[in-house]
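K.L.:
got a sequence here, can you build the structure:
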Amino acid sequence: MKQQSNRKQSNRQRESLEILEDRMQLLETIQEMIDIEFERREKIQTGGHSESDTPYSSPDPPPKDTLWKRIWQSFFF
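P.N.:
Numbering: from 1, shown residues only. The predicted structure is shown next:
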């Protein structure tokens with residue numbers, strides 16, 4: 001009976017370790033994304049940015065209304 005209890009505990013520990021490793025990997029990815037964003041903003045502030053650094057590099061501005069707003073307006077206005 002004790003051996004079965006140890007086996008269950010071992011499985012739980014292994015699953016917990018896998019979850020912990022997944023979360024650590026996710027946090028590392030988020031940290032990398034934040035670092036990239038800080039570098040991009042630093043380039044923009046120093047004036048050394050190119051057109052590709054801006055969110056909308058096309059000459060046309062982004063649409064003002066979102067899809068949901070247009071759908072909502074089509075039903076109620």
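K.L.:
average pLDDT for whichever strand or helix holds residue 43, rounded please.
P.N.:
Using DSSP states H and E, residue 43 maps to helix 2-46. Helix 2-46 shows an average pLDDT of 88 in the prediction.
K.L.:
distance from that helix to the middle of the chain?
P.N.:
13 Å (CA atoms, centre = their mean, to the nearest Å).
K.L.:
residue nearest the middle of the chain, spatially speaking?
P.N.:
residue 30 (6.4 Å; CA atoms, centre = their mean).
K.L.:
now that residue: how far from residue 38?
P.N.:
Residue 30 is 13 Å from residue 38, where distance means CB to CB, to the nearest Å. C-beta coordinates here come from the backbone N, C-alpha and C atoms, glycine included.
K.L.:
now residue 5
P.N.:
49 Å.
K.L.:
same check, this time on residue 69
P.N.:
32 Å.
K.L.:
just give me the neighbour total for residue 44.
P.N.:
By other CB atoms under 10 Å, the residues close to residue 44 number 13.
K.L.:
and what of residue 18?
P.N.:
10.
K.L.:
how much space between it and residue 39?
P.N.:
Taking CB to CB, one finds residue 18 at 32 Å from residue 39.
K.L.:
same check on residue 6?
P.N.:
In terms of CB to CB, residue 6 sits 49 Å off from residue 39.
K.L.:
residue 65 in helix, strand or coil?
P.N.:
Secondary structure state of residue 65, per DSSP: H, G, I helix; E, B strand; the rest coil, is coil.
K.L.:
so who does it touch?
P.N.:
residue 73 (CB atoms under 8 Å, 6 or more residues apart in numbering).
K.L.:
and it, what's its pLDDT?
P.N.:
pLDDT at residue 65 comes out at 70.
K.L.:
that one and residue 73, how far apart?
P.N.:
For residue 65, the distance to residue 73 - CB to CB - is 8 Å.
K.L.:
got it, and residue 7?
P.N.:
From residue 7 to residue 73 the distance is 61 Å (CB to CB).
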